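# No letters, just coordinates:
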């Protein structure tokens, strides 16, 4: 994973969007959303991206017995998110290889567009025993549609 | 599950104790531990009770392929718990039948003994397919030691 | 809080509905949503009920400096909820007094209507110092609309 | 924050150690600890480091009305952590400046020493209104003791 991934970049136009409302449970005594929740919201973004590409991550998992295990997660916190705010998670795929892929995320406030967080997660495809596997073509083809053209 | 269970009662002398420190993640914007965390702490109490009775719940699960599925949970909140406080969870078994059991819990502040919460959880023993099963005698015998004598 | 509250009852027609999608983060190694998440979903139901009654709980908190502190929570688990399922949380007010109120909840699977969970939470109105207060009439009036007629 | 921080490095001998037991609540349907929990464990490591340096983060927050707001978090997942395992979180300070500091973490299995995760968090010191502030000397002096000598 290169340093480049850690600079917030503009989401591509084909990024997949989903909305999150900050729950009371998400807040901490500083009065803002606690920092680990962002990784949960990234997961919601990933799930939604799969759904918008025509398959459910749940189904893929149960059908192929393969998992996208996380190997890295990074989040940069730009502005705090408050209880009851609606956030928009934009998700796209940064890199898609046979046995590994990485997602990028940008979270903004729905109302104002203020940048809340950006980050990425890197994954490998594993079977139940933790062995690296190749992502079946059926899914790879669908995910390729949200990978930026290589330049 | 009878109404009686919802009245805080004195933990029996053989209740099993474990300590929890309130994390920043547990707090909410009211400045106190968020209410769903107590059910997590109850789970820590249950796990510790098993361990103190000579078996690990993890091991039981993987060895027997049985689960203690929760069918009811109740918590009464007496005093708020604050970040960094050490709480003591006292756990005991209220009722132990062939296919069902229930735990009671009392949470106090370690330093002052102030009552923070009390509650119970009721469980049934299920196999992987969700079918009710009998708790193997090996585990039932160990749990019997923390059930109050019936009067 | 009476025993009656613990029997699942039919939600009244004016109950307030909101949707939840089960996240991967919500699941545990049993393959179902972990039991403490239901209390978070109850909170989402409460927030949504307020919103549908014309005010935001966030706003009430910051404007009046009052909190609805939880004193009791109860959940009965009828059927497990799985990753990616859409649940519908129906929320209504069971009892509304000057300084206390209680909510009831019913959670069903959106697709099939299968009952997943039911429960209640009881609250008192507190100020920042933990002193009991009266719910301002402005909010009480709005909440009264979702309280069943007393018979 | 430089690329260097993302390479797992050996914890210095003066790193601060604390133990975590993986809870059932921490697991997901893959059967391992869900990836956002590691950020919570990092927080436990930070709190413990403060305590071992002679002050409580809770106290600092209430006394000075200053917060260590997270601006970046990074975690690399080396091996999965399982329910009931005891993990050791080693925490140290990577960089300590007037208005910003960063922590590094390494999580290993207590029994076997197997590396589970490594990462860092970067923080700025803010007041209640979100304005950058200088960390009071009283605390800076105590934290300096766990910063590696600059070479």
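On my side now, so go ahead. What you see is a predicted model, and the numbers here were worked out from it, not measured in a lab.
# ok, which residues in chain A are in contact with chain B?
Residues of chain A lying near chain B by CB under 8 Å from any CB of the partner chain: A:24-25, A:27-32, A:34, A:36, A:83. Glycine gets a C-beta too; all of them are placed from N, C-alpha and C.
# Assess the claim that residue A:120 and residue A:106 are in contact.
No. With contact defined as CB atoms under 8 Å, residue A:120 does not reach residue A:106; the gap is 10.2 Å.
# about what we covered before: among the residues of chain A next to chain B, which are in reach of chain D?
Answer for these near chain D (CB under 8 Å from any CB): A:30, A:36.
# what about the residue nearest to residue A:36 when sequence neighbours are not counted, helix or strand, and which?
Nearest in space to residue A:36, with sequence neighbours left out and distances taken as CB to CB, 6 or more residues apart in numbering or on different chains, is residue D:39 at 3.8 Å. Per DSSP states H and E: residue D:39 is located in helix D:37-52.
# tilt between that helix and helix A:37-52?
Going by axes from the mean of the first three to the mean of the last three CA atoms, to 10 degrees, helix D:37-52 is angled at 170 degrees with respect to helix A:37-52.
# So what touches helix D:37-52?
A:35-36, A:39, B:21, B:23-25, B:84, D:16-18, D:20, D:26, D:56-57, D:60, D:68, D:73, D:75, D:77, D:87, D:89-93, D:103, D:105, D:107, D:117, D:119, D:121, D:143, D:146 (CB atoms under 8 Å, 6 or more residues apart in numbering or on different chains).
# ok and the helix or strand that that helix is followed by relative to helix D:37-52, angle-wise?
Later in the chain than helix D:37-52, the nearest helix or strand by DSSP H and E is helix D:57-64. Counting by the same axes, to 10 degrees, helix D:57-64 points 70 degrees away from the direction of helix D:37-52.
# buried set for helix D:57-64?
Judged by neighbour count using 16 or more other CB atoms under 10 Å in any protein chain shown, the buried positions of helix D:57-64 are D:57-58, D:60-61.
# so which one among those residues has the lowest pLDDT?
The lowest pLDDT within the buried residues of helix D:57-64 belongs to residue D:58, which sits at 86.
# Just after the helix or strand bottoming out on mean pLDDT in chain A, pick out the following helix or strand.
Lowest by mean pLDDT, DSSP states H and E among the helices and strands of chain A is helix A:57-64, with a mean of 90. Using DSSP H and E, the helix or strand that follows helix A:57-64 in sequence is strand A:66-77.
# Is there proximity between that following strand and chain D?
Yes. For strand A:66-77 and chain D, the contact criterion (CB under 8 Å from any CB) is met by A:67, A:69-77.
# Most neighbours among the residues you listed, which one is it?
Each of these was scored for neighbours by other CB atoms under 10 Å in any protein chain shown, and residue A:75 scores highest at 28 neighbours.
# mind checking pLDDT for it?
In this model, residue A:75 is scored at 98, pLDDT.
# That one and residue B:23, how far apart?
Distance from residue A:75 to residue B:23, counting by CB to CB, to the nearest Å: 19 Å.
# Tell me which helix or strand residue A:108 sits in.
strand A:100-109.
# How many neighbouring residues does residue A:52 have?
Other residues within reach of residue A:52, judged by other CB under 10 Å, total 16.
# I meant to write residue A:122 there.
For residue A:122, the count of nearby residues is 21 (other CB under 10 Å).
# Mind telling me what element it is part of?
Using DSSP H and E, residue A:122 falls within strand A:115-127.
# Okay, angle between that strand and helix A:57-64 too, please.
Calculated by the same axes, to 10 degrees, strand A:115-127 forms an angle of 10 degrees with helix A:57-64.
# Quick check: which helices or strands does strand A:115-127 pack against?
Where contact means 3 or more CB pairs under 8 Å, 6 or more residues apart in numbering or on different chains; DSSP states H and E, strand A:115-127 is packed against helix A:37-52, strand A:66-77, strand A:100-109.
# redo that, cut-off 10 Å
Packing contacts for strand A:115-127, counted by 3 or more CB pairs under 10 Å, 6 or more residues apart in numbering or on different chains; DSSP states H and E, involve helix A:37-52, strand A:66-77, strand A:86-96, strand A:100-109, strand D:66-77.
# Of all these, which one is nearest residue A:131?
Of all these, it is strand A:66-77 that lies closest to residue A:131, at 10.0 Å by CB to CB.
# which parts of chain A sit against chain C?
Taking CB under 10 Å from any CB of the partner chain, the part of chain A that reaches chain C is made up of A:18, A:21-27, A:31, A:36-37, A:39-41, A:43-44, A:46-48, A:50-51, A:56-59, A:61-62, A:82-85.
# Which among these count as buried?
Buried, going by 16+ other CB under 10 Å: A:18, A:21-27, A:31, A:36-37, A:39-41, A:43-44, A:46-48, A:50-51, A:57-58, A:61, A:82-85, out of those.
# circling back to that earlier point, and the residues of chain A next to chain B as TSV, adding secondary structure, distance to residue A:129 and pLDDT?
Shown next, in TSV, are those (DSSP: H, G, I helix; E, B strand; the rest coil; distance: CB to CB, whole Å; pLDDT from 0 to 100):
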residue	secondary structure	distance to residue A:129	pLDDT
A:24	helix	40	97
A:25	helix	35	98
A:27	strand	39	97
A:28	coil	38	97
A:29	coil	42	94
A:30	coil	42	93
A:31	coil	44	94
A:32	coil	40	96
A:34	coil	34	98
A:36	coil	28	98
A:83	coil	42	96
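# will you turn the residues of chain A next to chain B into JSON lines that also has distance to residue A:131?
As requested, these are exported to JSON lines (distance: CB to CB, whole Å):
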{"residue": "A:24", "distance to residue A:131": "41"}
{"residue": "A:25", "distance to residue A:131": "36"}
{"residue": "A:27", "distance to residue A:131": "40"}
{"residue": "A:28", "distance to residue A:131": "38"}
{"residue": "A:29", "distance to residue A:131": "43"}
{"residue": "A:30", "distance to residue A:131": "42"}
{"residue": "A:31", "distance to residue A:131": "45"}
{"residue": "A:32", "distance to residue A:131": "41"}
{"residue": "A:34", "distance to residue A:131": "35"}
{"residue": "A:36", "distance to residue A:131": "29"}
{"residue": "A:83", "distance to residue A:131": "43"}
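# Name the nearest of the residues of chain A next to chain B relative to chain D.
Distance to chain D across these (CB to the nearest CB) is lowest for residue A:36, with 3.8 Å.
# Would you mind measuring from the closest one to residue A:94?
From residue A:36 across to residue A:94, the span is 22 Å (CB to CB).
# Ok, residue A:24 next?
As judged by CB to CB, residue A:24 and residue A:94 stand 33 Å apart.
# any weak-confidence spans in chain A?
For chain A, the stretches flagged by pLDDT under 70 are A:1-9, A:150-151.
# Check it for me, the residue farthest from its geometric middle.
The C-alpha centroid of chain A is most remote from residue A:29, which lies 26.5 Å away (CA atoms, centre = their mean).
# show me the contacts for the spatially closest residue to that residue that is not a sequence neighbour.
Distances taken as CB to CB, 6+ apart put residue B:27 closest to residue A:29, at 4.1 Å, once the chain neighbours are dropped. Listed by CB atoms under 10 Å, 6 or more residues apart in numbering or on different chains, the contact set of residue B:27 reads A:27-30, A:34, B:33-34, B:37, B:80-84, D:58.
# Repeat the analysis, applying 7 Å as the threshold.
Residue B:27 is in contact with A:28-29, B:33-34, B:83, counting by CB atoms under 7 Å, 6 or more residues apart in numbering or on different chains.
# do residue A:68 as well
So residue A:68 contacts A:123, A:125 (CB under 7 Å, 6+ apart).
# Show me the beta-bridge partners of it.
Counting by DSSP bridges, residue A:68 is bridged to residue A:125.
# distance of it from residue A:50?
Distance of residue A:68 to residue A:50, computed by CB to CB: 10 Å.
# quick one: contacts of the least confident helix or strand of chain A?
By CB under 7 Å, 6+ apart, the residues outside helix A:57-64 that reach it are A:47, A:50, A:67, A:136, A:139, C:83-84.
# at 10 Å what do you get?
For helix A:57-64, the surrounding residues in contact (CB under 10 Å, 6+ apart) are A:43, A:46-51, A:55-56, A:66-68, A:125, A:127, A:133, A:135-136, A:138-139, A:142, C:22, C:24, C:27, C:31, C:82-85, D:29-30.
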